[in-house]
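>>> I'll drop the sequence and a predicted model, then ask my questions.
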Amino acid sequence: MKRKLLLIILDGVPWRNFRRLFGNLEGWVDSGEARIWKHRSVLPSTSASCYASIHTGVSPQEHGCTGNANVFRLNHKDIFSQVREAGGVTGAVAHSYWSQFFNRHPYDYVRDVEYDEPESTTINHGRFHSMTGYGKANQMTPCDVDLFASLTNLCLRFELDYGLLHTCTLDSMGHRFFHEGEEMDHACFVMDEMLAPFITRWRKMGYEVIVTADHGQDERGHHGGRSQLQQETALYYFGDAVGPEPDVVVDQLQLAPTILDRIGAPLADTMKADTFLR
Ligand SMILES: [Zn+2]
């Protein structure tokens, strides 16, 4: 493969929270290590629909996932399948929807919680969690430092060419506490501090890194529809490529072809959006 890349998706972080609360990421923007653009989600700006679009490069109107209650094995080719086609090794540390969309459905708690399948045509090394029982009073999310460590473990043991990490902590915090309180300030602060040393480590291991969210959240912690707070998040890029002007808004459908282009894997015919890194 030409390069290796890690995609880090912090679920449900609006643009303004990244910019005002993630001091390490913003510090790297100031120092020139990272570049940042606005990233606008598809509609509906609902988690499952966005995951499917991020990884296939097609809209919910085309892939058919209309929301979290409609999760199935997608028909479209995606980043995992294309990296595998090129002979690369893939891994994922994520919510179980990612396993259902891109590996197999329905999700089996025992079989699918952890798998290493070198011959897989999609995800070779999966570490998943279901958040079963999730609600406002109990988020059921793993600790993020453990997820970052799991991804690093997979990179070291299996030499991933492409790794996905997805965590719902901040989305759950937003639904529970909204965005103008000390709970969210602290949650974003902790996430930024936990993530930062891993970014340094991944870069030293030779990875390009993208940190973004699937969608934003509005004042009431809502998302799914069309508003800047619901649809717009930030995308931080650590790597050597040349990107667009700072005021360009990256469309969510551009992520899949861009990531494949960076890794050196073939784009699927269905991925029609332009790449934003060159
Ligand atoms: Zn989400």
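Structure's in. What do you need?
>>> so who does the residue of the chain found nearest the ion touch?
As assessed by CB to the ion, the ion sits closest to Ser47 within the chain, at 3.0 Å. All C-beta spots, glycine's among them, are computed from the backbone N, C-alpha and C. Applying CB atoms under 8 Å, 6 or more residues apart in numbering to Ser47 gives the contacts 11-12, 68, 97, 168, 171, 214-215.
>>> let's see 10 Å
By CB atoms under 10 Å, 6 or more residues apart in numbering, the residues touching Ser47 are 9, 11-12, 41, 65, 67-68, 71, 95, 97, 166, 168, 171, 213-215, 223-224.
>>> the closest residue in space to Lys136 that isn't next to it in sequence sits in which helix or strand?
Nearest residue to Lys136, sequence neighbours excluded (CB to CB, 6 or more residues apart in numbering): Arg176, at 5.0 Å. Assigned by DSSP states H and E, Arg176 belongs to helix 169-177.
>>> quick check: mean pLDDT across that helix?
Averaged across helix 169-177, pLDDT comes to 97.
>>> now the element after it, going C-ward?
Tracing the chain past helix 169-177, the next element assigned as helix or strand by DSSP H and E is helix 182-204.
>>> that next one to helix 169-177, inter-axis angle?
Relative orientation of helix 182-204 and helix 169-177, computed by axes from the mean of the first three to the mean of the last three CA atoms, to 10 degrees: 180 degrees.
>>> who does helix 182-204 touch, helix- and strand-wise?
Under the contact definition 3 or more CB pairs under 10 Å, 6 or more residues apart in numbering; DSSP states H and E, helix 182-204 sits against strand 4-10, helix 15-21, helix 23-31, helix 144-158, strand 162-167, helix 169-177, strand 207-212, strand 232-238.
>>> what angle sits between that helix and strand 4-10?
Angle, helix 182-204 to strand 4-10, by the same axes, to 10 degrees: 180 degrees.
>>> for helix 182-204, list every residue counted as buried.
Neighbour-count burial for helix 182-204, with 16 or more other CB atoms under 10 Å as criterion, is recorded at 184, 187-188, 191-192, 194-196, 198-199, 202-203.
>>> show me the contacts for Gly91.
Counting by CB under 10 Å, 6+ apart, Gly91 touches 6, 80, 116, 123-127, 150-151, 153-155, 157-165.
>>> averaged pLDDT, the strand or helix carrying it. What do you get?
For Gly91, the element it lies in under DSSP H and E is strand 90-95. In this model, strand 90-95 has a mean pLDDT of 98.
>>> counting by contacts, list what whatever helix or strand comes next after it packs against.
Sequence order places helix 96-102 as the next helix or strand after strand 90-95, per DSSP H and E. Packing contacts for helix 96-102, counted by 3+ CB pairs under 10 Å, 6+ apart, involve helix 47-56, helix 79-85, strand 90-95, strand 125-129, strand 162-167.
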